[in-house]
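Undergrad: Let me see the structure of the following:
(one chain, ligands or ions: 1)
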Amino acid sequence: MKINQLQILVYDWAKRKGWCDRIVPIPEQVALIHSEASEALEAWRNKEPQSWTDETGKPQGVGSEYADIVIRVCHYSALLGIDLQAEILRKMDYNEKREHRHGNKAG
Ligand SMILES: [Mg+2]
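TA: Here you go, the predicted structure:
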C-alpha cells in the first residue's frame, strides 16, 4: 500500500467514525499528534513491550502509538488537502542533498 492510499483509507475511516464532523484547527491537530508521541514515550518509560495487546483487545506499546501518529497525520493531511506522499518524497529529496547528519547534529 502506498502512502496516498493509506491516507485515503484513514480519511474514509475517520469520516465513517465521526472524526470529520467539525473543523479541527491546526494547533489542535498538532497537540493531538504530540499527545500520541507522549503516549509512546510513556510506553517506553513503563518498559512495555514494543507491541502488545491489553485484556480489552486494544493494541499497546510504542508500535501502537507510532501507528496512532501516522493515522492522525494521514487524517489531518487529508483534511487540509495535503498530498502526504508527495510531501514526504519532496522532503526526502531535499534531505538527500543535505550534509551527513545535517551538519553533524546530535539527534
Ligand atoms: Mg495513542
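Undergrad: Stretch 48-57 close to the ion?
TA: No: judged by Cβ under 5 Å from the ion, stretch 48-57 and the ion are separated, with a smallest distance of 12.2 Å. Any C-beta I mention is one placed from the backbone N, CA and C, and that applies to glycine too.
Undergrad: Mind listing residues that contact that stretch?
TA: Residues from elsewhere that reach stretch 48-57 (Cβ atoms under 8 Å, 6 or more residues apart in numbering): 59-64.
Undergrad: Could you pick out the buried ones from those residues?
TA: 60-64 (16 or more other Cβ atoms under 10 Å).
Undergrad: Among those, which ones are in strands?
TA: Members of the buried ones among the contacts of stretch 48-57 lying in strands (criterion: DSSP state E): Gln60.
Undergrad: What is the nearest of the contacts of stretch 48-57 to the ion?
TA: Ser64 (6.6 Å; Cβ to the ion).
Undergrad: Pull up the residues of the chain that are close to the ion.
TA: Counting by Cβ under 5 Å from the ion, the residues of the chain near the ion are 36, 39, 65, 68.
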